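# No letters, just coordinates:
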């Protein structure tokens with residue numbers, strides 16, 4: 001489904017927005033055990049041990065600045081009844097691109113910093129209160145420029 005969604009977007013009226021990765025805060029849904037590992041190692045992995053990966057072969061997160069909560073994309077692959085938490089983080093590595101439901105890095109591992117583990121409910125609340133809004137068809141590209 002994700003691959004189909006990404007493919008048909010190119011044929012629609014998509015606008016590209018540009019953001020600085022230094023201005024961004026991201027969120028990644030995962031299990032409590034995996035969240036602790038992410039916080040301890042300060043790394044998100046494309047293929048973490050013990051987690052079955054679905055969808056695209058990328059590291060995925062959601063923007064807490066302009067993203068939207070889309071559970072069919074962000075959480076359903078864990079299966080019903082799985083306890084999930086949100087991992088809030090920053091990184092210096094720009095994502096390859098992003099849409100409202102997902103931001104993607106084509107890396108095997110992503111160094112992260114300022115890691116906070118949030119309850120699932122608090123994570124969803126933060127996404128739903130994102131301060132900016134973009135159209136659901138718009139693509140976001142990033143730079144690694146920092147504010148001076």
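That came through, no problem. Just so it is clear, the model here is predicted, and its values are computed rather than measured. Residues are numbered from 1 along each chain as shown.
# can you map out the strands along the chain?
Remark: strands assigned in the chain by DSSP state E are 16-20, 26-30, 43-45, 59-63, 85-90, 97-99, 102-105, 109-111, 113-119, 139-143.
# which outside residues touch the last one?
So the one you mean is strand 139-143. 9, 14-21, 24, 63, 66, 94-95, 97-99, 103, 134 (C-beta atoms under 8 Å, 6 or more residues apart in numbering). C-beta coordinates here come from the backbone N, C-alpha and C atoms, glycine included.
# of the residues you listed, buried ones?
19, 21, 24, 63, 66, 94-95, 97-99, 103, 134 (16 or more other C-beta atoms under 10 Å).
# out of the residues you listed, which one sits closest to residue 124?
Minimum distance to residue 124 across those is 14.0 Å, recorded for residue 63 (C-beta to C-beta).
# gap between residue 90 and residue 39?
Using C-beta to C-beta, to the nearest Å, one gets 13 Å for the distance from residue 90 to residue 39.
# By mean pLDDT, point me to the weakest helix or strand of the protein.
Counting by mean pLDDT, DSSP states H and E, the chain has its least confident helix or strand at helix 2-9, which shows a mean of 52.
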